[in-house]
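In: Give me a 3D structure for the following:
(2 chains)
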Amino acid sequence: MRVELKVFASLAKYAAHPLLSADGVVELPSPVSVGQIADALNIPRKEIKLIFLNGIHAQIDTAVKDGDRVGFFPPIGGG
Amino acid sequence: MSRILRINTREKRYSFESPSPELQALGGRALTSKMILNEVPATCHPLSQFNKLIFAPGLLSGTPAANSGRLSIGAKSPLTGGIKESNTGGLVSQKLARLGIKALVLEDKPIDDAYSIIVIKKDSVEILPADDYLGTTNGDMIAKLWERFGKRVGVASIGPAGEQRLTGASIQFADPKGHPGRAAGRGGLGAVMGSKKIKAIVVDDGGADKLTLHDPDAFKAANQKWADLLRNHPVSGQGLPAYGTAVLVNVINEAGALPTQNFRSGRFEFAGDISGETLAANIEQRGGIVSEGCHPGCVIRCSQVYHDKDNNYLTSGFEYETIWAFGAHCMIKDLDDIARMDRLCDDVGVDTIETGVTIGVAMEGGLIPWGDSKAAIELLKKVGTGDPMGKIIGNGAAFTGQALGVDRVPVVKKQALPAYDPRAVKAVGVTYATTPMGADHTAGYGVCQNILNVGGTIDPLKKEHNVEISKDLQIATAAIDAAGLCLFVAFPVLDHAEGLQLIVDMLNAQYGLSLGASDVVQLGISILKDEHEFNRLAGFTAKDDRLPDMFKEVFPPHNTTWDFTDDELMKAKTF
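Out: Next up is the predicted model:
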């Protein structure tokens, strides 16, 4: 299945992984969880503070389906 | 004991007085709002001689406490018609505090058109002619005043927009490098300063003694832990210094809450082009400064200096809200052009949030095309020139919307909404509606719990718990503003219980008090009660606590609407 994945701020360095295409798509066998996507791309789970699944907060064990949009962030703030 | 310095701008005379018992324990926003309530008739015209403009350092300002250099400026707002506290960094707060000045109050107004500058030193207060400076931009003003009075004196000035008393006018402050990148932007306080014909205020604390602390050892111990807390929290210690506040562009966009094309959707196709990551990469590549403080003693250092492609200085203090207002809101994706507009705003002296939202309203009204950054720059350049269209833009979003026949005008109490859609970040929507300031994210930053998972987690798309958290944050924010602390200390304080206690410990060690954490909460409540009372006396009612009809539109991608009733919102104002 194809998942759109975006990694931001200090996690952006993990985007240079062969599984992740230049336009931010990762292909994985289904079913898969958010955490398993992070594992497949060697993104340390402890560095991920915020997970968005289609724009909604998700957990590390939330299931992901084909066509979903996932975003990973470290702890950030501003305003 | 610290004193209150009053300056009569008509008679060009000044006086010092001891604060009344009611005012003695107050500072920052607590002091400005109390004095505005007590001394300014709520029904007065904000540009009349009856309004007062009050500058008050926070309670911890002038001490070594980390991130305590924030200044409150209060008045009746010419933009909202209600009470206003606008908060800024820069150099003035700490210098006033070290000079033993608890509040600087500008009163009355001249009957002629002669402008003055005020120069405050350890042993003197001078009110000097300023007609030679008329029309000078804030950037040039600071350079001239530093040349005349010495580098690193504190400067607060107005640009041509303030001289013209436009309701979007800001008061700009020199940052530690002398750039005009710090602003008391919101609420048109630059117009109040312009009405009193004060072009600039210079504060020089040369020769002043250090502030006397009641218990220096206890203060030092608490401040050490305080600075460590700020440095060790990942948001204030890593995210903000690395990317600035613009780190929010991507996360607010990902959450579907980045208001795009005048609040039509929550995702901007080109968010990456205007993100904090792009901003930081440009600075790294071109030169500039990725991370610097807005005042001495800041350990978070979320400000920056941004250069163009040829490595020429463009702007400083380049914030998320500004980048959003001229960016996603206007469908503009050129970060350098957005930086140019930030600089133009700082120089002419207008609020970047108000003005960016106004440019979007002008696009809504068909004056210039969506996304056309060059046309936006040309429009912005008219502000402060005397050109009628520039006057319309400089008066803000509500005024411009009316001038152009626009029905989608994102304001509360005539003040433009900031960079989070209230339908997708409902806690901050409650704050926009109910804060006495008009739409203001800083008054109760529910983005923490709705989006950033700081201080807990609350669903941003539903009503549940969002009124309560907005109310709690409004109380806490008022207290932080009274202390003179940077609002970003809230990130570690919300996550760590000892943070509030350390603030209390520092206040107690400074003043010889025995406050508890509950006293800080009571202080926050008392500030809000004063502000609500002023607005009530000014004629505000529940209808002024509503969001505009445009927020009944369905908002993609989450397809939510603004659905709070008046009664529900009233709970955020009930103590």
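In: Can you pull out the residues in contact with stretch B:174-181?
Out: B:89-91, B:137-139, B:141-143, B:146, B:151-155, B:157, B:172-173, B:182, B:292-296, B:303, B:305, B:315-318, B:346-347 (CB atoms under 8 Å, 6 or more residues apart in numbering or on different chains). Every residue, glycine included, has its C-beta placed from N, CA and C.
In: Point me to the residue of chain A nearest chain B.
Out: Of all residues in chain A, A:G78 sits closest to chain B, at 3.3 Å by CB to the nearest CB.
In: which element is the residue in chain B sticking out farthest from the centre on?
Out: In terms of distance from the mean C-alpha position of chain B, B:D217 ranks first, at 33.1 Å (CA atoms, centre = their mean). Using DSSP states H and E, the element containing B:D217 is helix B:216-232.
In: buried ones in the biggest helix by length in chain B?
Out: The longest helix of chain B (DSSP state H) is helix B:517-538. For helix B:517-538, burial by neighbour count (16 or more other CB atoms under 10 Å in any protein chain shown) applies to B:519-521, B:523-532, B:534-535, B:538.
In: isn't B:W370 right up against B:K333?
Out: No: at 11.3 Å, B:W370 does not count as touching B:K333 under the criterion of CB atoms under 8 Å.
In: Which one's more surrounded, those two?
Out: For B:W370 versus B:K333, the count of surrounding residues by other CB atoms under 10 Å in any protein chain shown is larger for B:K333: 18 against 15.
In: Neighbours of residue 65, how many?
Out: Using chain A. Residues within reach of A:K65, counting by other CB under 10 Å, total 12.
In: that's the wrong chain, I wanted chain B
Out: Using other CB under 10 Å, B:A65 has 27 neighbouring residues.
In: now do the one 5 residues further on
Out: Neighbour count of B:R70, defined by other CB under 10 Å: 29.
In: Mind pulling the model confidence for it?
Out: Reported pLDDT at B:R70 in the predicted model: 98.
In: Skip the chain neighbours and tell me the closest residue to it.
Out: Excluding its sequence neighbours, the residue lying closest to B:R70 (CB to CB, 6 or more residues apart in numbering or on different chains) is B:G484, at 4.9 Å.
In: measure that neighbour to chain A for me?
Out: Distance of B:G484 to chain A, computed by CB to the nearest CB, to the nearest Å: 18 Å.
In: what about the helices in chain A?
Out: Going by DSSP H, chain A shows helices at A:34-40.
In: Can you pull the residues of it lying near chain B?
Out: Chain A has residues A:6, A:8-10, A:12, A:49-50, A:52, A:54-57, A:71, A:73-79 near chain B, with proximity defined as CB under 8 Å from any CB of the partner chain.
In: Those, buried ones only, as a ChimeraX selection?
Out: The ChimeraX command for the buried members of those (criterion: 16+ other CB under 10 Å) is given here:
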select /A:6,8,9,10,49,50,52,54,55,57,71,73,74,75,76,77,78,79
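In: Which members of the residues of chain A next to chain B are positioned in strands?
Out: Mapping those onto strands (DSSP state E) picks out A:6, A:50, A:52, A:56-57, A:71, A:73.
In: what's B:E364 in contact with, if anything?
Out: By CB under 8 Å, 6+ apart, the contact list for B:E364 reads B:262, B:401, B:404, B:406, B:408.
In: if we can go back for a sec, could you identify the helix or strand that succeeds the longest helix of chain B?
Out: Heading C-terminal from helix B:517-538, the first helix or strand you meet, by DSSP H and E, is helix B:566-570.
In: Quick check: buried residues in that next one?
Out: Under the neighbour-count criterion of 16+ other CB under 10 Å, helix B:566-570 has B:L569 buried.
In: In JSON lines, list the ones in strands among the residues of chain A next to chain B along with distance to B:E22.
Out: Shown next, in JSON lines, are these (distance: CB to CB, whole Å):
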{"residue": "A:K6", "distance to B:E22": "53"}
{"residue": "A:L50", "distance to B:E22": "45"}
{"residue": "A:F52", "distance to B:E22": "48"}
{"residue": "A:I56", "distance to B:E22": "49"}
{"residue": "A:H57", "distance to B:E22": "45"}
{"residue": "A:G71", "distance to B:E22": "50"}
{"residue": "A:F73", "distance to B:E22": "46"}
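In: CSV for those residues, including distance to B:A375 and pLDDT?
Out: Output for those, formatted as CSV (distance: CB to CB, whole Å; pLDDT from 0 to 100):
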residue, distance to B:A375, pLDDT
A:K6, 31, 96
A:L50, 36, 97
A:F52, 34, 98
A:I56, 37, 98
A:H57, 38, 97
A:G71, 33, 98
A:F73, 34, 97
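In: rewinding a little: of the buried residues of helix B:517-538, closest to chain A?
Out: Closest to chain A, out of all of the buried residues of helix B:517-538 and judged by CB to the nearest CB, is B:G524, at 18.1 Å.
In: measure that closest one to B:I451 for me?
Out: For B:G524, the distance to B:I451 (CB to CB, to the nearest Å) stands at 23 Å.
In: how about the buried residues of helix B:517-538, which pair is most distant?
Out: B:D519 and B:A538 (28.9 Å; CB to CB).
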